[in-house]
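Asks: Fold the stuff below for me.
(one chain, ligands or ions: 2)
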Amino acid sequence: MVTMKSPREIHLMREAGRIVALAHRAVQPHIQPGANTRMLNQIIEQTILSLGATPSFKHYNGFPDASCISINEQVVHGIPSKGAILKGGDIVSIDIGAKYHGYHGDSAWSYACGELSANHLALLEGTRLCLFKGLEQAKAGNHLSDISHAIQTYAEQLGFSVVRDFVGHGIGAQLHEDPPIPNYGPPGRGIVLKPVMTLAIEPMINLGCKEVQVQKDGWTTITLDHQPSAHFEHTILITAEGYEILTQVEDKEE
Ligand code: MG
Ligand code: MG
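Replies: Ligands and ions are numbered 1, 2, ... in the order given. As a prediction, the model looks like this:
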């Protein structure tokens, strides 16, 4: 069931989203060669806790940590670890969720560690643009799959492939609510979008083949061809005019 949010719920989701955005902002300067992903995770967890929220992912279905940090061919669900040490040229995808007074925000961002090669940079920038191509279709009256189709069309125009095994989702009192939101498919299908729905749109785009596999740890998911992947996600509110991004902060808050 797709839930419509009350003004109170929207207020709490704006706060949760702001906390997620502030956790991204706190960790970003530390994405440097030599940093390990356990240390990055600690910064994220401390930021979320200091702002009065809890990390949505910690113990979610047994996931051990506050954030997912996935490097290069790791697509999603990388487990932070002392042994995962960043090097220059890495794509570092960080997925963060925060729960504030019972409501979740969820946002992923892929970052460049040092200088990326030209094709890795193209993947990073292309995936970010895929998110915004999808968001352009996130407006009342459109069908859900108009978002999916816009993402797939743009990714494939760039010569990249769309991961099928993981999808976006509704979000609110639950981290993952209906509807599932694939990043591929024909337009004009699925529910009609209405104001006060809250959705997490999250393209996962691969430089090579679309197939992925889960590693032995049961979480970390990598591309089958070991080529890199990127992941961008925002939690949004559908409004009468279009959409409002909940997982961002205005620069004036700095
Ligand atoms: Mg996420
Ligand atoms: Mg999500």
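
Asks: residues from the stretch 151-254 of the chain in reach of ligand 2?
Replies: Residues of the stretch 151-254 of the chain lying close to ligand 2 by C-beta under 5 Å from the ion are residue 200. Where C-beta positions appear, they are placed from N, C-alpha and C, glycine not excepted.

Asks: Just the closest residue of the stretch 151-254 of the chain to ligand 2, please.
Replies: residue 200 (4.1 Å; C-beta to the ion).

Asks: Now do residue 89 against residue 151, distance only.
Replies: 26 Å (C-beta to C-beta, to the nearest Å).

Asks: whoops, residue 145 was the one
Replies: On the measure of C-beta to C-beta, residue 145 and residue 151 end up 10 Å apart.

Asks: more crowded one of these two?
Replies: Taking neighbours as other C-beta atoms under 10 Å, residue 145 and residue 151 compare with residue 151 leading, 30 against 21.

Asks: Which residues are in contact with the more buried one?
Replies: Listed by C-beta atoms under 8 Å, 6 or more residues apart in numbering, the contact set of residue 151 reads 130, 131, 133, 134, 162, 183, 184, 201, 203.

Asks: what does residue 188 give?
Replies: Applying C-beta under 8 Å, 6+ apart, the residues near residue 188 are 143, 145, 146.

Asks: Please apply the same query to residue 67.
Replies: By C-beta under 8 Å, 6+ apart, the neighbours of residue 67 are 23, 40, 41, 44, 45, 55, 57, 80, 94, 95, 96.

Asks: Now flag whichever of those is closest to residue 112.
Replies: residue 94 (12.1 Å; C-beta to C-beta).

Asks: mind checking how far that closest one is from residue 212?
Replies: Residue 94 is 18 Å from residue 212, by C-beta to C-beta.

Asks: Who has more neighbours out of the two?
Replies: residue 94 (25 against 21).

Asks: correct me, but the more buried one touches residue 109?
Replies: Yes: when contacts are counted by C-beta atoms under 8 Å, residue 94 is listed as touching residue 109 (5.9 Å).
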